[in-house]
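Asker: quick check, what structure comes out for this input:
(chains A and B)
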Amino acid sequence: MPIVAVVDDDEAVREALYDLLLVLGFACRTFDRAEAFMAEYVPHRFDCLITDVSMPGRSGLELQERLRELGSSMPVVIITADTSPATRARAMSGGALACLTKPVKDDVLLHHLRSALGQSASSRDDLRDTPSDE
Amino acid sequence: MSNLFQRAAAGGHASPHAMELADLASESVIVSDVHGVIRYWNAASEALYGWPAMAMVGQRIQTIGSLAHNGTDQFSALLREGRWEGVVHRRGLTGTEVVAAVRQIVRRDTSGAFLDIVEFGRNAGSLSEAAYLRMDAELQSSLAASWELDTSPARPLLDAIAEHRRSGITIDFDRHPDWVDKLLTATRILAVNDRAVRIFGAHAGHEQMIGQPVGAFWPAESRSVLATVLESVASDRTRLELRKMVLSGSLRDPVIKAWHSAEPRPPDAVFVTINGVTNDERTAWELQASESRYRRLVQYLPTALWQVDSRRAGEAFDQLKANGVRDIAGHLERNPDLVEHAKDVVRVTDVNLDAVSLFRAGNPADLIKPVRYIFAAAPGLAERVMISHFEGRRNLIEETRIRAFDGSIIDVLFTVTYPVPPEQLDNTFITMQDISERLNAEQQLRKLQADFSHAGRIATLGELATSIAHEINQPLSAIVTNGETSLRWLARADQNTEKVAQLTSRIVSNARRASDIIQRIRGMAAKHEPEKRLIDLNEVVEEALLFIRHDIDSKSIVLSSTFGADLPKILGDRIQLQQVIINLLVNSVQAIVQSGQPTRRIDAQTSIDDDGCVLFSVLDNGPGVPTADLARVFDSFFSTKDAGIGIGLAICQSIITAHGGRIAGANRPNGGAHFHFTLPVPTISGPDSSGAGDIVR
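Answerer: Next up, the predicted model:
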């Protein structure tokens, strides 16, 4: 079973995503901030990362950039309440698989997770153009 | 006389302007402060004692022995009485004893505060005891009214008169009133001393006299005398004129002296002094002046004021005390006729204009009668006034009511101030303030302040829109995800009812959470009258942080909050105080973002300060406030932000002030700003003071 990591400072959102991923057939680990995730991070431990942007401490975008610096190719899905084009552009140029706006639709999330996990080892360039949000 | 002139001239050189007239005085003039330290020592003092001013200024007069003729130290008597005169023995420069007849006067400002001691002295060394008395009498005259006059505009006239004189004509100014008028109009006042202002100034003050024609102030009965002496010293620069003059009023047997002033004064400047030899003339006119000042003050005091002769009550109290009465309250309760009697024998002796209008009376005379009418609508007040008086209290303050002469009942703040020995016992003062007007004004002020702070809250909510949207979006997001998860479980063959129940209860609690947030925003956005309740500042701060948390997170600012333990509750309006806290935090966030600091920090702290007030502080590591702006940050419409209109901190200040607290901003020593406010802890007693539901307006 693929393991998805969820980073969000809001407990209610973490709980909800945890159960959604479970019913969608994924295993899930949740973290309340980027630093907590990085403390447990080793390459290939997680198959995908779902992260919020705005959190105390390091933001989700900074987390993504840090992972890229470490050479990680783990697919990253950004979910945020922030609808600004700047945030979205930074997310996508940082290599995010998708940048979804809260509240997230379950089937859209599922679609992105499937494409991420199905092709995580191959080139993800094709995925950049995938519609990321409706 | 030429001796006097030379001494006068010698003293005119290196002295402060204010003392120039005294420098030119023939008498020793010494000014010292309350500790007896000499501040001024004129040329005549140098001549009399031999010590130069340089040696004496800064010394105590006692360093040269100053003892009164009978060997006592007169200093305390001087301070007590305000004046002292007599003969002192001092040590001269050459070691010889100098005996001087002196007159010392304590000067006070209009509020009665001590200014300095002025001493006028003359050599009395060769005089007999009898002559001392004569010397004392003469000393009275040393307190001269002094003028410095500029005769240069009158030069053509003086020259013309001199021409007449040279041609052998005797000049009699009594027969040339036109010359007198011209001379006194042309001659301008360069300087006058306080005494001249008091005697001749009429209603003019010092400032109004300078530059004016001397004729505008000189009394009519002695104008030709002044013209005569002016003409005399103008025609002979070495002359010192000394004449008796006529002067109605305060001075008896006045003598006028005039002489030409020496360099560096203008060449046509003439000094004129008038000495009046009377026994207690100064005290008399001082009293008169202060009495009339006092009358005017009382008359136009913007508070209704009664002066009451309470001697009869005082006598009765003395009698009661002599009879062993201690419990006055009980005694008055058993003898109510004592109170009724007092209402008739204690009389109002004076009232001011406000008292007349407060009682809707026609004129002051309507109120000058026994005090009974004052207590007509205030049951028990007369007893309480008497009890306080009997118990020797200084005053009594109460909110009460009066019945005005047109029958209307008015709420007033009533204050009575009792005489304390050695004050005169007939000086009991009652003041009343119409508090219905005050309450009305306070109401309007509260409304204005409420509108003002509401406008500020709306502006702040606007700035925090993104943060607030994020805050609501979190529970909504959780609700949607939980709902969708539920539906997926329900659609499956292996339904998990337990899971669905869990998800549904999460939906409910997240919906509640969203609703609470909206409630808070509504509270901030709503217009409401400030309501002061007992509240915990820590809770207020925690709630305020909810509004701005996202804003802080999204800007990668590290917020640390330190809440003081066991803070006493304060009396305040929760919404308004939240507004202040949010505003201070928003300011820090905005400043810090501009600064480009790699690590951005804001500390929010609560504690109790040294005065026992509850303190809230916001510290940041932003750029701080430019020093030049620090004094203005709380001014309305002061802003350093491009988009700011600059009312945020002004509103904060008005809110904190309305809470009886203080707000201030400063820069931290290592960079960054520190804004903080303190709120007083109410000292409320009584059974219902602990409930948070009390509303105190």
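
Asker: ok, B:Ile374 - contacts?
Answerer: B:306, B:348, B:402, B:430 (CB atoms under 8 Å, 6 or more residues apart in numbering or on different chains). (C-beta placed from N, C-alpha, C; glycine too.)

Asker: let's go with 10 Å and repeat that
Answerer: Shown here is B:Ile374, whose contacts under the criterion CB atoms under 10 Å, 6 or more residues apart in numbering or on different chains are B:306, B:308, B:343, B:346, B:348, B:355, B:359, B:367, B:381-382, B:385, B:400, B:402-403, B:414, B:416, B:430, B:432.

Asker: over to B:Pro156?
Answerer: With CB under 10 Å, 6+ apart, B:Pro156 has these contacts: B:182, B:186.

Asker: against chain A, how distant is it?
Answerer: Note on B:Pro156: its distance to chain A, by CB to the nearest CB, to the nearest Å, is 88 Å.

Asker: buried residues in the one helix or strand that residue maps to, which are they?
Answerer: Here B:Pro156, judged by DSSP states H and E, is contained in helix B:155-166. Buried residues in helix B:155-166, counted by 16 or more other CB atoms under 10 Å in any protein chain shown: B:157-158, B:161.

Asker: which of the contacts of B:Ile374 are close to chain A?
Answerer: With the criterion set as CB under 10 Å from any CB of the partner chain, no member of the contacts of B:Ile374 is near chain A.

Asker: so which helix or strand takes in A:His44?
Answerer: Element membership for A:His44, per DSSP H and E: none, as it lies in no helix or strand.

Asker: neighbours around the residue nearest to it when sequence neighbours are not counted, how many?
Answerer: With sequence-adjacent residues excluded and distances taken as CB to CB, 6 or more residues apart in numbering or on different chains, A:His44 is closest to A:Met74, at 7.9 Å. Residues lying near A:Met74 (other CB atoms under 10 Å in any protein chain shown) number 21.

Asker: repeat that for B:Phe429.
Answerer: Around B:Phe429 there are 17 other residues, counting by other CB under 10 Å.

Asker: same question, the one 10 residues further on
Answerer: Other residues lying near B:Leu439 total 12 when counted by other CB under 10 Å.

Asker: that one contacts B:Asp411, correct?
Answerer: Yes: with contacts defined as CB atoms under 10 Å, B:Leu439 counts as touching B:Asp411 at a distance of 7.5 Å.

Asker: CA-only coordinates of the helix holding B:Pro156 in PDB, if you can.
Answerer: Output for helix B:155-166, consisting of C-alpha atoms alone and laid out as PDB, is shown next (Å, rounded to 0.1, in the frame of the first residue of the first chain):
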ATOM      1  CA  ARG B 155      15.000 115.700  23.200                       C
ATOM      2  CA  PRO B 156      13.800 118.500  20.900                       C
ATOM      3  CA  LEU B 157      11.400 119.700  23.600                       C
ATOM      4  CA  LEU B 158      14.100 119.400  26.300                       C
ATOM      5  CA  ASP B 159      16.500 121.400  24.200                       C
ATOM      6  CA  ALA B 160      13.900 124.100  23.600                       C
ATOM      7  CA  ILE B 161      13.200 124.300  27.300                       C
ATOM      8  CA  ALA B 162      17.000 124.500  28.000                       C
ATOM      9  CA  GLU B 163      17.100 127.400  25.500                       C
ATOM     10  CA  HIS B 164      14.500 129.200  27.600                       C
ATOM     11  CA  ARG B 165      16.500 128.500  30.800                       C
ATOM     12  CA  ARG B 166      19.700 129.800  29.300                       C
END
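
Asker: which residues does the nearest residue to B:Arg243 once chain neighbours are set aside bridge with?
Answerer: Setting aside the residues directly before and after it, B:Arg243 is nearest to B:Ile256 in space (CB to CB, 6+ apart), at 5.4 Å. As for beta bridges, B:Ile256 partners with B:Arg243, B:Ile274 under DSSP bridges.

Asker: near chain A, which residues of the stretch 501-650 of chain B? Just list them.
Answerer: Residues of the stretch 501-650 of chain B lying close to chain A by CB under 10 Å from any CB are B:502-503, B:506-507, B:509-510, B:513, B:549-559.

Asker: give the next helix or strand downstream of the helix holding B:Pro156.
Answerer: Heading towards the C-terminus - elements assigned by DSSP H and E - helix B:155-166 is followed by helix B:177-186.

Asker: go ahead and flag the most central residue of chain A.
Answerer: The central residue of chain A, meaning the one whose C-alpha is nearest the mean C-alpha position (CA atoms, centre = their mean), is A:Ile50 at 2.2 Å.

Asker: show the average pLDDT along stretch B:501-516.
Answerer: For stretch B:501-516, mean pLDDT rounds to 94.

Asker: please give the element, helix or strand, for whichever residue of the stretch 301-450 of chain B sits closest to chain A.
Answerer: Closest contact between the stretch 301-450 of chain B and chain A, by CB to the nearest CB, is at B:Ala450 (33.0 Å). Secondary structure here is read from DSSP H and E; on that basis B:Ala450 sits in helix B:435-463.

Asker: what's that helix packed up against?
Answerer: strand B:395-403, strand B:409-417, helix B:465-491, helix B:497-525, helix B:537-554, helix B:574-595, helix B:648-658 (3 or more CB pairs under 10 Å, 6 or more residues apart in numbering or on different chains; DSSP states H and E).

Asker: mind listing the strands for the stretch 151-300 of chain B?
Answerer: With DSSP state E, counting those that start in this stretch, the ranges of strands along the stretch 151-300 of chain B come out as B:188-192, B:240-244, B:255-260, B:269-275.

Asker: state the mean pLDDT of the second one.
Answerer: Right, strand B:240-244. 74.

Asker: kindly report the same for the last one.
Answerer: Averaged across strand B:269-275, pLDDT comes to 80.

Asker: quick one, it and strand B:188-192 angle?
Answerer: Regarding strand B:269-275 and strand B:188-192, their directions subtend 60 degrees when assessed with axes from the mean of the first three to the mean of the last three CA atoms, to 10 degrees.

Asker: returning to that earlier point: what's near enough to touch the residue nearest to B:Arg243?
Answerer: B:Ile256 makes contact with B:144-145, B:147, B:222, B:225-226, B:228-229, B:241-245, B:247, B:272-275, according to CB under 10 Å, 6+ apart.

Asker: same thing but 6 Å
Answerer: The contact partners of B:Ile256, by CB atoms under 6 Å, 6 or more residues apart in numbering or on different chains, come to B:229, B:243, B:245, B:274.

Asker: out of these, the closest to chain A would be?
Answerer: Using CB to the nearest CB, B:Ile274 is the member of the contacts of B:Ile256 that lies nearest chain A, at 84.5 Å.

Asker: I figured that closest one was touching B:Ala145, is that so?
Answerer: Yes: contact criterion CB atoms under 6 Å: B:Ile274 and B:Ala145 qualify, at 4.6 Å.

Asker: the closest residue to chain A within the stretch 551-697 of chain B - how many residues pack around it?
Answerer: Using CB to the nearest CB, the single residue of the stretch 551-697 of chain B nearest to chain A is B:Ser554, 4.2 Å away. For B:Ser554, the tally of surrounding residues (other CB under 10 Å) stands at 20.
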